[in-house]
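Student: Have a look; sequence and predicted model below, questions after that.
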Amino acid sequence: MSVLKVISTFLLAVSFLSFTLAISDTYIIHMDSSAMPKAFSSHHSWYLSMLSSISEDSSTSKHLYTYTNAINGFSATLTLSELETLKISFGYISFKRDVPLKARTTHTSQFLGLSSTSGAWTAPNKAEDVIC
C-alpha cells in the first residue's frame, strides 16, 4: 500500500510539473544585437528563427513585437520550458515577464500641458516604436 501511495504521488507531481511547464506567458526578451549571425538579414528574422527552433508546438510560442530602439530584442508568448531553452541561446541577455499595467490617471495630458490636437509630437511618426 505504501509503494502504491509513493507511485501515485510521483505521477501526480510529474503531471503537475508538465502542466506547469506547458502554461504560456508573455515575456520581453533582451538580446545582444552584435550576436546576430551573418546568415540573417535582420534581427527580426533572427528572432523568428530562434522562436521556431525552440517551439514545442507552433501554437504555443508566438512572436509579438521586435524592439530595436531602447533595447534590442522581442516579446513573445512562451512556455516555461521554451523560455529555459531560450536562456541558453547565443545572444540571450535577459528576460522580463510582461505584466499588464493599469492607468493611474486620466488627466496626464492636462498635467503635461498637451492639447488634444497636437499631442506630444508635432510631426507625424515622431513617436514611432516608443513604448508607453
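Tutor: Noted; the coordinates are in hand.
Student: Does the closest residue to residue 36 other than its chain neighbours fall in a helix, a strand, or a coil region?
Tutor: If the residues on either side of it in the chain are set aside, residue 36 comes closest to residue 46, at 4.9 Å by C-beta to C-beta, 6 or more residues apart in numbering. (Each C-beta comes from the backbone N, C-alpha and C, glycine too.) Remark: residue 46 carries the secondary structure label helix [criterion: DSSP: H, G, I helix; E, B strand; the rest coil].
Student: I'd like the numbering to begin with 229 instead of 1 from here.
Tutor: New numbering, starting at 229: the last item is residue 274.
Student: do you know how far residue 274 is from residue 259?
Tutor: The spacing between residue 274 and residue 259, counted by C-beta to C-beta, to the nearest Å, is 8 Å.
Student: what do you get for residue 317?
Tutor: When C-beta to C-beta is the yardstick, residue 317 and residue 259 sit 9 Å from each other.
Student: mind listing what residue 299 touches?
Tutor: In this structure, residue 299 makes contact with residue 258, judged by C-beta atoms under 8 Å, 6 or more residues apart in numbering.
Student: typo on my end, residue 276
Tutor: residue 291.
Student: re the thing from before, check the residue nearest to residue 264 and give its pLDDT.
Tutor: pLDDT, residue 274: 95.
Student: so it sits right up against residue 268, yeah?
Tutor: Yes. The pair residue 274 and residue 268 passes the contact test of C-beta atoms under 8 Å, sitting 4.2 Å apart.
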